[in-house]
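Colleague: give the three-dimensional model of this entry:
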Amino acid sequence: MKSMTLLFIGLFIAVVTRAQEETKEPQYFYPGGLFVEYGFGYFAVKDAYISTQKYSGNVPYLSINWSRFRGNRGLVLGIESRSTTELFNNNVGCKLTQNTLKQDYFYSIGSFDLFKNDVHAYLGPSVNILLYTLNYDFGTYSHVIAESNGTIVSLGFNTQLISYVTKKISAESALHMSLASISSKAFQSYKHDEPESKLLITPKALNTDIDVGLRYFIINSLSARVAYKLQIYQINEWDPMISASNNIIFSVTYHFKKGGN
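Modeller: Model (predicted):
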């Protein structure tokens, strides 16, 4: 995890440096609008409050977002949701409910050349609220703990790279990473004489996702996109919890105006 984080930070610094050196007058190509995403993929979680075993399965993904871009800046408001009863460890099942509220601000920081194409770079702060609940179906005595829940309210950054391969197709990538989070999770008070919530710095609390995809403009006001999304979040405090998922995402966007302006 540390090596992956360092790699992306290094790539990000290199991109920002190149973008700042760009002398062309900036142009803005962020595809703003209202978009709905649906996907599916593998999800795995370990929560030491309940068990050190991994529970995993295929989980659907749904997200509704609104974005707007004006001048050289923009924002995204969105909600993501995952819900399933299909997480298993051997014959023991687990129900997952997870919701995320996000608000991203971003600014154009210029462009650079890559394989003879202009790549437009955007950077800004990100606010993210993640809530999850895990219900385990142990089917045993009532005193056995069978539910775990937690919250990660994080402040971090988001960066996006967009390159128009043709007039109809764009390649897009995004990285969101938390830097500091107010986190809480279920834990037994007799084991941990500590507050129920703490300010934790990455990687003690982490909420990050990486998104890489292609967008096709059907018409100026409508586009479709397919992408790969990797998400990792953890609370490495009290009884540690870590979760990871990878997803194939399909989305449709209605653009208020081409270019997102």
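Colleague: from now on I want contacts and neighbour counts done on CA atoms only, so please keep to that.
Modeller: Fine.
Colleague: next SSE after the strand or helix carrying residue 93?
Modeller: Assigned by DSSP states H and E, residue 93 belongs to strand 92-114. For strand 92-114, the succeeding helix or strand toward the C-terminus, using DSSP H and E, is strand 117-137.
Colleague: any idea how far that following strand is from the chain center?
Modeller: 3 Å (CA atoms, centre = their mean, to the nearest Å).
Colleague: quick one: mean pLDDT for that strand?
Modeller: What strand 117-137 shows for mean pLDDT is 92.
Colleague: for stretch 159-167, same thing?
Modeller: 90.
Colleague: so where's the protein uncertain?
Modeller: 1-29, 139-145, 189-190, 192, 257-261 (pLDDT under 70).
Colleague: for it, what spans make up the helices?
Modeller: In the chain, the helices defined using DSSP state H lie at 2-21.
Colleague: and the strand holding residue 93, which strands flank it?
Modeller: Looking at strand 92-114 with DSSP bridges, its partner strands are strand 73-89 (antiparallel), strand 117-137 (antiparallel).
Colleague: dump the ones you listed to a markdown table, plus distance to residue 255 and mean neighbour count.
Modeller: Listed next are the strands paired with strand 92-114 as a markdown table, based on distance: least, CA to CA, whole Å; neighbours: other CA atoms under 10 Å:
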| stretch | distance to residue 255 | mean neighbour count |
| --- | --- | --- |
| strand 73-89 | 13 | 17 |
| strand 117-137 | 19 | 20 |
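Colleague: next, format those as TSV and append distance to residue 243.
Modeller: Shown next, in TSV, are the strands paired with strand 92-114 (distance: least, CA to CA, whole Å):
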stretch	distance to residue 243
strand 73-89	12
strand 117-137	11
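Colleague: so residue 187 sits against residue 48, correct?
Modeller: No: the pair residue 187 / residue 48 is not scored as a contact, 9.3 Å apart, by CA atoms under 8 Å.
Colleague: identify the bridge partners of the residue nearest the centre of the chain.
Modeller: What sits nearest the mean C-alpha location of the chain, by CA atoms, centre = their mean, is residue 209, with 3.6 Å. Going by DSSP bridges, residue 209 is paired in beta bridges with residue 176, residue 231.
Colleague: same question for the one 10 residues further on.
Modeller: Beta bridges link residue 219 to residue 222, judged by DSSP bridges.
Colleague: that one and residue 169, how far apart?
Modeller: From residue 219 across to residue 169, the span is 11 Å (CA to CA, to the nearest Å).
Colleague: ok, those two, which is more surrounded?
Modeller: The residue with more neighbours, out of residue 219 and residue 169, is residue 169; 17 against 12, by other CA atoms under 10 Å.
Colleague: distance of the residue nearest to that one when sequence neighbours are not counted from residue 185?
Modeller: Counting by CA to CA, 6 or more residues apart in numbering, residue 216 is the residue found nearest to residue 169 once chain neighbours are left out, at 4.7 Å. Plainly put, residue 216 is 41 Å away from residue 185 if you go by CA to CA.
Colleague: more crowded one of these two?
Modeller: Set side by side, residue 216 and residue 185 show more neighbours around residue 185, with 22 against 17, by other CA under 10 Å.
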